[in-house]
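A.B. asks: Structure for the following, please:
(one chain, ligands or ions: 1)
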Amino acid sequence: MAQVIEVRNLSKRYGDKVAVDGLSFTVRPGRVTGFLGPNGAGKTTTMRMMLDLDRPTTGQVLIDGSRYRRLAEPLRRVGALLDANAVHGGRSAHDHLLWLAQSNRIPSTRVREVLELTGLESVAGRRAGGFSLGMAQRLGIAAALLGDPPVLLLDEPVNGLDPEGVLWIRTLMKGLAAEGRTVFVSSHLMSETALAAEHLIVIGRGRLLADTTVRDLVEADPRSYVRIRTPEPERMHTALTHSGIRVREAPDGALEVYGTETGKIGELAAAAGLAVHEASAQPVSLEEAFMRLTEDVVDHRAGGRR
Ligand SMILES: Nc1ncnc2c1ncn2[C@@H]1O[C@H](COP(=O)(O)OP(=O)(O)OP(=O)(O)O)[C@@H](O)[C@H]1O
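C.D. replies: Numbering: from 1, shown residues only. So this is what the prediction gives:
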(Lines give C-alpha, C1' and ligand atoms only; values in the text may rest on other atoms or scores of the structure.)
Protein backbone atom coordinates (compact mmCIF):
# COMPACT_ATOMS: atom_id res chain seq x y z
CA MET A 1 0.00 0.00 0.00
CA ALA A 2 1.25 3.46 -0.84
CA GLN A 3 3.37 5.16 1.81
CA VAL A 4 2.35 2.76 4.52
CA ILE A 5 4.97 1.44 6.92
CA GLU A 6 4.19 -2.08 8.09
CA VAL A 7 6.05 -3.46 11.07
CA ARG A 8 5.48 -7.20 11.34
CA ASN A 9 6.46 -9.33 14.29
CA LEU A 10 9.69 -7.38 14.64
CA SER A 11 12.24 -8.45 17.25
CA LYS A 12 15.85 -7.60 17.98
CA ARG A 13 18.04 -9.39 20.44
CA TYR A 14 21.53 -8.27 21.50
CA GLY A 15 22.98 -11.28 23.33
CA ASP A 16 20.65 -11.77 26.32
CA LYS A 17 19.07 -8.37 25.88
CA VAL A 18 15.76 -8.23 23.99
CA ALA A 19 15.60 -4.65 22.67
CA VAL A 20 12.50 -5.16 20.47
CA ASP A 21 10.05 -7.95 21.24
CA GLY A 22 7.49 -9.03 18.62
CA LEU A 23 6.30 -5.58 17.52
CA SER A 24 3.55 -5.28 14.91
CA PHE A 25 1.90 -2.03 13.86
CA THR A 26 1.10 0.05 10.77
CA VAL A 27 1.96 3.71 10.18
CA ARG A 28 -0.38 5.51 7.79
CA PRO A 29 -0.02 8.61 5.62
CA GLY A 30 -1.65 12.00 6.13
CA ARG A 31 -1.03 12.28 9.85
CA VAL A 32 1.82 12.53 12.31
CA THR A 33 2.27 9.28 14.22
CA GLY A 34 4.14 9.61 17.50
CA PHE A 35 6.36 6.72 18.56
CA LEU A 36 6.48 6.88 22.34
CA GLY A 37 8.16 4.92 25.06
CA PRO A 38 10.34 5.44 28.10
CA ASN A 39 14.13 5.55 27.68
CA GLY A 40 15.45 2.23 26.47
CA ALA A 41 12.04 1.05 25.22
CA GLY A 42 13.45 0.15 21.81
CA LYS A 43 12.44 3.14 19.67
CA THR A 44 15.82 3.81 18.08
CA THR A 45 16.40 0.10 17.48
CA THR A 46 13.02 -0.15 15.73
CA MET A 47 13.76 2.87 13.56
CA ARG A 48 17.17 1.53 12.65
CA MET A 49 15.52 -1.72 11.52
CA MET A 50 12.99 0.28 9.48
CA LEU A 51 15.97 1.71 7.60
CA ASP A 52 17.80 -1.62 7.33
CA LEU A 53 20.64 -0.27 9.48
CA ASP A 54 20.14 -3.18 11.87
CA ARG A 55 19.07 -6.68 11.00
CA PRO A 56 15.96 -7.95 12.78
CA THR A 57 16.24 -11.17 14.79
CA THR A 58 12.70 -11.95 13.60
CA GLY A 59 10.12 -10.18 11.49
CA GLN A 60 10.44 -7.36 9.01
CA VAL A 61 9.48 -3.82 8.10
CA LEU A 62 7.88 -3.04 4.76
CA ILE A 63 7.66 0.46 3.32
CA ASP A 64 5.34 0.64 0.34
CA GLY A 65 5.45 -3.15 0.44
CA SER A 66 9.25 -3.36 0.14
CA ARG A 67 12.22 -3.64 2.44
CA TYR A 68 14.04 -0.29 2.69
CA ARG A 69 17.14 -1.70 1.03
CA ARG A 70 15.10 -2.80 -1.97
CA LEU A 71 13.65 0.67 -2.58
CA ALA A 72 14.93 2.32 -5.73
CA GLU A 73 16.34 5.80 -4.95
CA PRO A 74 15.65 5.48 -1.21
CA LEU A 75 16.27 9.15 -0.42
CA ARG A 76 13.33 10.03 -2.67
CA ARG A 77 11.13 7.52 -0.85
CA VAL A 78 12.11 7.82 2.81
CA GLY A 79 13.70 10.75 4.62
CA ALA A 80 15.25 9.98 7.99
CA LEU A 81 16.76 11.85 10.91
CA LEU A 82 18.46 9.44 13.26
CA ASP A 83 21.52 11.10 14.71
CA ALA A 84 21.80 14.80 14.01
CA ASN A 85 25.52 14.72 14.74
CA ALA A 86 26.20 12.24 11.96
CA VAL A 87 27.53 14.95 9.65
CA HIS A 88 31.01 15.35 8.24
CA GLY A 89 32.05 18.19 10.57
CA GLY A 90 34.57 19.75 8.17
CA ARG A 91 32.04 20.33 5.41
CA SER A 92 29.77 23.34 5.21
CA ALA A 93 26.03 22.74 5.53
CA HIS A 94 25.63 23.56 1.85
CA ASP A 95 28.39 21.19 0.75
CA HIS A 96 27.09 18.40 2.97
CA LEU A 97 23.66 18.65 1.33
CA LEU A 98 25.16 19.05 -2.14
CA TRP A 99 27.23 15.91 -1.66
CA LEU A 100 24.14 14.00 -0.53
CA ALA A 101 22.12 15.34 -3.47
CA GLN A 102 24.78 14.47 -6.03
CA SER A 103 25.28 10.98 -4.69
CA ASN A 104 21.54 10.37 -4.97
CA ARG A 105 20.87 11.98 -8.36
CA ILE A 106 18.86 14.78 -6.77
CA PRO A 107 19.11 18.13 -8.66
CA SER A 108 21.43 20.56 -6.88
CA THR A 109 18.71 23.26 -7.02
CA ARG A 110 16.94 21.29 -4.31
CA VAL A 111 19.79 22.12 -1.88
CA ARG A 112 18.79 25.82 -1.83
CA GLU A 113 15.15 24.84 -1.33
CA VAL A 114 15.78 22.68 1.75
CA LEU A 115 18.18 25.27 3.21
CA GLU A 116 15.38 27.81 2.90
CA LEU A 117 12.77 25.41 4.27
CA THR A 118 14.86 24.77 7.37
CA GLY A 119 15.97 28.37 7.88
CA LEU A 120 19.65 27.59 7.34
CA GLU A 121 20.39 29.88 4.36
CA SER A 122 22.38 32.40 6.38
CA VAL A 123 24.67 29.71 7.84
CA ALA A 124 24.86 27.51 4.73
CA GLY A 125 28.54 28.35 4.20
CA ARG A 126 29.56 27.59 7.78
CA ARG A 127 31.27 24.41 8.89
CA ALA A 128 28.60 21.97 10.09
CA GLY A 129 31.00 20.77 12.82
CA GLY A 130 30.58 24.11 14.60
CA PHE A 131 26.78 24.01 14.58
CA SER A 132 24.70 24.21 17.74
CA LEU A 133 22.44 21.24 18.46
CA GLY A 134 19.45 23.18 17.11
CA MET A 135 21.25 23.99 13.86
CA ALA A 136 22.47 20.40 13.53
CA GLN A 137 18.89 19.16 13.96
CA ARG A 138 17.75 21.55 11.22
CA LEU A 139 20.55 20.32 8.95
CA GLY A 140 19.52 16.72 9.65
CA ILE A 141 15.97 17.58 8.70
CA ALA A 142 17.15 19.42 5.58
CA ALA A 143 18.94 16.21 4.57
CA ALA A 144 15.82 14.14 5.29
CA LEU A 145 13.75 16.45 3.06
CA LEU A 146 16.28 16.57 0.22
CA GLY A 147 14.61 13.89 -1.88
CA ASP A 148 11.11 15.33 -1.21
CA PRO A 149 10.15 11.92 0.22
CA PRO A 150 6.57 10.86 0.98
CA VAL A 151 7.73 9.06 4.15
CA LEU A 152 9.65 10.69 7.02
CA LEU A 153 11.21 8.95 10.03
CA LEU A 154 12.46 11.27 12.75
CA ASP A 155 14.13 9.95 15.90
CA GLU A 156 13.79 12.37 18.83
CA PRO A 157 13.94 15.49 16.62
CA VAL A 158 13.16 17.89 19.47
CA ASN A 159 15.81 16.57 21.85
CA GLY A 160 17.79 19.45 23.27
CA LEU A 161 15.97 22.13 21.32
CA ASP A 162 14.80 25.46 22.69
CA PRO A 163 11.05 26.28 22.65
CA GLU A 164 11.33 28.07 19.33
CA GLY A 165 13.02 25.05 17.74
CA VAL A 166 10.43 22.70 19.23
CA LEU A 167 7.58 24.80 17.82
CA TRP A 168 9.30 24.97 14.45
CA ILE A 169 9.66 21.18 14.19
CA ARG A 170 6.08 20.62 15.35
CA THR A 171 4.71 23.01 12.71
CA LEU A 172 6.91 21.49 10.03
CA MET A 173 5.81 17.91 10.83
CA LYS A 174 2.14 18.84 10.83
CA GLY A 175 2.59 20.62 7.50
CA LEU A 176 4.32 17.60 5.97
CA ALA A 177 1.52 15.29 7.17
CA ALA A 178 -1.12 17.71 5.85
CA GLU A 179 0.53 17.36 2.43
CA GLY A 180 -0.32 13.66 2.66
CA ARG A 181 3.06 12.36 3.81
CA THR A 182 3.65 9.62 6.35
CA VAL A 183 5.40 11.17 9.35
CA PHE A 184 6.70 8.86 12.08
CA VAL A 185 8.41 10.60 14.98
CA SER A 186 9.84 9.15 18.18
CA SER A 187 9.97 10.81 21.56
CA HIS A 188 9.95 9.95 25.25
CA LEU A 189 7.93 13.10 26.01
CA MET A 190 4.19 12.55 26.00
CA SER A 191 2.94 16.14 26.20
CA GLU A 192 5.16 17.35 23.39
CA THR A 193 4.23 14.40 21.18
CA ALA A 194 0.51 14.90 21.81
CA LEU A 195 0.77 18.44 20.45
CA ALA A 196 2.19 17.23 17.16
CA ALA A 197 0.78 13.73 16.70
CA GLU A 198 -2.75 12.54 16.04
CA HIS A 199 -1.92 8.92 16.37
CA LEU A 200 0.33 7.20 18.90
CA ILE A 201 2.28 3.97 18.98
CA VAL A 202 3.43 3.39 22.57
CA ILE A 203 6.04 0.76 23.41
CA GLY A 204 7.73 -0.41 26.59
CA ARG A 205 10.56 -2.96 26.89
CA GLY A 206 10.30 -3.56 23.18
CA ARG A 207 6.60 -4.47 23.28
CA LEU A 208 3.54 -2.71 21.92
CA LEU A 209 1.52 -1.10 24.73
CA ALA A 210 -0.92 1.00 22.68
CA ASP A 211 -1.79 1.81 19.07
CA THR A 212 -4.30 4.58 19.58
CA THR A 213 -5.34 8.20 19.20
CA VAL A 214 -4.35 10.73 21.83
CA ARG A 215 -8.01 11.12 22.81
CA ASP A 216 -8.68 7.41 23.21
CA LEU A 217 -5.56 6.99 25.30
CA VAL A 218 -6.88 9.49 27.84
CA GLU A 219 -10.45 8.20 27.75
CA ALA A 220 -9.30 4.61 28.26
CA ASP A 221 -7.58 5.55 31.52
CA PRO A 222 -9.74 4.23 34.39
CA ARG A 223 -9.04 7.38 36.42
CA SER A 224 -10.78 9.62 33.86
CA TYR A 225 -14.35 10.46 34.92
CA VAL A 226 -17.33 12.70 34.22
CA ARG A 227 -18.49 15.04 36.98
CA ILE A 228 -22.28 15.31 37.25
CA ARG A 229 -24.34 17.69 39.34
CA THR A 230 -28.06 17.11 39.61
CA PRO A 231 -30.81 18.15 42.07
CA GLU A 232 -31.58 14.43 42.58
CA PRO A 233 -28.20 12.76 43.07
CA GLU A 234 -29.65 9.63 44.66
CA ARG A 235 -31.94 8.85 41.73
CA MET A 236 -29.09 9.58 39.33
CA HIS A 237 -26.79 7.31 41.30
CA THR A 238 -29.35 4.49 41.06
CA ALA A 239 -29.97 5.03 37.33
CA LEU A 240 -26.26 4.85 36.62
CA THR A 241 -25.45 1.85 38.80
CA HIS A 242 -28.41 -0.03 37.33
CA SER A 243 -26.75 0.40 33.96
CA GLY A 244 -23.57 -1.12 35.34
CA ILE A 245 -21.73 2.21 35.59
CA ARG A 246 -19.36 2.92 38.48
CA VAL A 247 -20.21 6.07 40.45
CA ARG A 248 -18.53 7.80 43.37
CA GLU A 249 -19.90 10.62 45.46
CA ALA A 250 -17.69 13.70 45.62
CA PRO A 251 -17.49 15.60 48.94
CA ASP A 252 -19.49 18.50 47.46
CA GLY A 253 -22.43 16.25 46.54
CA ALA A 254 -21.53 15.92 42.86
CA LEU A 255 -21.21 12.46 41.30
CA GLU A 256 -18.04 11.14 39.70
CA VAL A 257 -18.96 8.76 36.92
CA TYR A 258 -16.30 6.36 35.61
CA GLY A 259 -15.80 4.38 32.43
CA THR A 260 -18.37 6.14 30.26
CA GLU A 261 -18.73 9.38 28.36
CA THR A 262 -20.86 12.49 28.88
CA GLY A 263 -23.30 11.73 26.05
CA LYS A 264 -24.22 8.34 27.45
CA ILE A 265 -24.83 9.81 30.92
CA GLY A 266 -27.03 12.54 29.38
CA GLU A 267 -29.12 9.90 27.63
CA LEU A 268 -29.58 7.90 30.83
CA ALA A 269 -30.58 11.07 32.70
CA ALA A 270 -33.11 11.98 29.99
CA ALA A 271 -34.61 8.48 30.07
CA ALA A 272 -35.01 8.75 33.86
CA GLY A 273 -36.46 12.28 33.62
CA LEU A 274 -33.55 13.75 35.63
CA ALA A 275 -32.30 17.33 35.39
CA VAL A 276 -28.54 17.75 34.97
CA HIS A 277 -26.93 21.01 36.10
CA GLU A 278 -23.37 20.11 35.26
CA ALA A 279 -21.71 17.39 33.19
CA SER A 280 -18.00 17.90 32.72
CA ALA A 281 -15.40 15.44 31.51
CA GLN A 282 -12.42 15.20 33.90
CA PRO A 283 -9.78 13.38 31.88
CA VAL A 284 -6.42 12.44 33.38
CA SER A 285 -3.52 14.37 31.90
CA LEU A 286 -1.68 12.90 28.96
CA GLU A 287 1.38 12.51 31.13
CA GLU A 288 -0.64 10.53 33.70
CA ALA A 289 -2.13 8.28 31.01
CA PHE A 290 1.32 7.66 29.56
CA MET A 291 2.85 6.91 32.98
CA ARG A 292 0.10 4.45 33.79
CA LEU A 293 0.59 2.67 30.51
CA THR A 294 4.33 2.41 30.96
CA GLU A 295 4.67 2.07 34.74
CA ASP A 296 5.23 -1.67 34.67
CA VAL A 297 7.91 -1.45 32.06
CA VAL A 298 10.07 1.34 33.47
CA ASP A 299 13.10 -0.22 35.09
CA HIS A 300 14.13 2.65 37.29
CA ARG A 301 12.19 5.63 38.43
CA ALA A 302 12.93 8.32 41.00
CA GLY A 303 12.24 6.76 44.38
CA GLY A 304 13.51 3.35 43.42
CA ARG A 305 11.95 0.27 41.92
CA ARG A 306 8.23 -0.02 42.06
N1 LIG B 1 24.04 -2.25 19.90
C2 LIG B 1 23.46 -2.61 21.05
N3 LIG B 1 24.00 -3.57 21.82
C4 LIG B 1 23.43 -3.94 22.98
N5 LIG B 1 22.29 -3.41 23.48
C6 LIG B 1 21.71 -2.45 22.77
C7 LIG B 1 22.25 -1.99 21.52
N8 LIG B 1 21.44 -1.01 21.03
C9 LIG B 1 20.45 -0.87 21.94
N10 LIG B 1 20.61 -1.73 22.97
C11 LIG B 1 19.70 -1.87 24.13
O12 LIG B 1 18.39 -2.08 23.65
C13 LIG B 1 17.43 -1.37 24.42
C14 LIG B 1 16.63 -0.45 23.54
O15 LIG B 1 17.43 0.65 23.13
P16 LIG B 1 16.92 1.81 22.18
O17 LIG B 1 18.07 2.77 22.01
O18 LIG B 1 16.31 1.26 20.98
O19 LIG B 1 15.79 2.48 23.08
P20 LIG B 1 15.07 3.89 22.90
O21 LIG B 1 13.63 3.64 23.13
O22 LIG B 1 15.47 4.51 21.62
O23 LIG B 1 15.65 4.69 24.12
P24 LIG B 1 16.04 6.25 24.28
O25 LIG B 1 14.75 7.00 24.43
O26 LIG B 1 16.84 6.22 25.54
O27 LIG B 1 16.82 6.63 23.06
C28 LIG B 1 18.22 -0.65 25.50
O29 LIG B 1 18.18 -1.42 26.67
C30 LIG B 1 19.63 -0.60 24.94
O31 LIG B 1 20.55 -0.58 25.99
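A.B. asks: Give me the helices and strands touching the helix or strand hosting Val166, please.
C.D. replies: According to DSSP states H and E, Val166 maps onto helix 163-178. Helices and strands touching helix 163-178, by 3 or more C-beta pairs under 8 Å, 6 or more residues apart in numbering; DSSP states H and E, are strand 32-36, helix 133-145, strand 151-155, strand 182-187, helix 190-196. (Glycine included, C-beta is placed from N, CA and C.)
A.B. asks: tell me the mean pLDDT for stretch 297-306?
C.D. replies: Mean per-residue pLDDT for stretch 297-306: 51.
A.B. asks: Please list all residues in contact with the residue in the stretch 151-300 of the chain positioned nearest to the ligand.
C.D. replies: Closest to the ligand within the stretch 151-300 of the chain is His188: 4.7 Å, counting by C-beta to the nearest ligand atom. By C-beta atoms under 8 Å, 6 or more residues apart in numbering, His188 lies in contact with Leu36, Gly37, Pro38, Asn39, Ala41, Lys43, Glu156.
A.B. asks: And Leu240, by the same measure?
C.D. replies: Val247, Leu255, Val257, Ile265, Leu268.
A.B. asks: Tell me which residues touch Leu62, please.
C.D. replies: If you count contacts by C-beta under 8 Å, 6+ apart, Leu62 has them with Ile5, Glu6, Arg8.
A.B. asks: Thr262 too?
C.D. replies: Thr262 neighbours (C-beta under 8 Å, 6+ apart): Val226, Ala279, Ser280, Ala281.
A.B. asks: how about CSV for the residues you listed, with distance to the ligand and secondary structure added?
C.D. replies: Shown next, in CSV, are the contacts of Thr262 (distance: C-beta to the nearest ligand atom, whole Å; DSSP: H, G, I helix; E, B strand; the rest coil):
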residue, distance to the ligand, secondary structure
Val226, 35, strand
Ala279, 39, strand
Ser280, 36, strand
Ala281, 31, strand
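A.B. asks: From the residues you listed, which one has the minimum pLDDT?
C.D. replies: Across the contacts of Thr262, the smallest pLDDT goes to Ala281, namely 91.
A.B. asks: does it really touch Glu261, like I thought?
C.D. replies: Yes - with contact defined as C-beta atoms under 8 Å, Ala281 counts as touching Glu261 (7.3 Å).
A.B. asks: Not counting sequence-adjacent ones, nearest residue to Met190?
C.D. replies: The shortest distance from Met190 to any non-neighbouring residue, by C-beta to C-beta, 6 or more residues apart in numbering, is to Phe290 (3.8 Å).
A.B. asks: Leu36 is in contact with the one you found, correct?
C.D. replies: Yes - at 6.8 Å, Phe290 counts as touching Leu36 under the criterion of C-beta under 8 Å.
A.B. asks: Between these two, which contacts overlap?
C.D. replies: By the contact definition C-beta under 8 Å, 6+ apart, Phe290 and Leu36 are jointly contacted by Met190, Val202.
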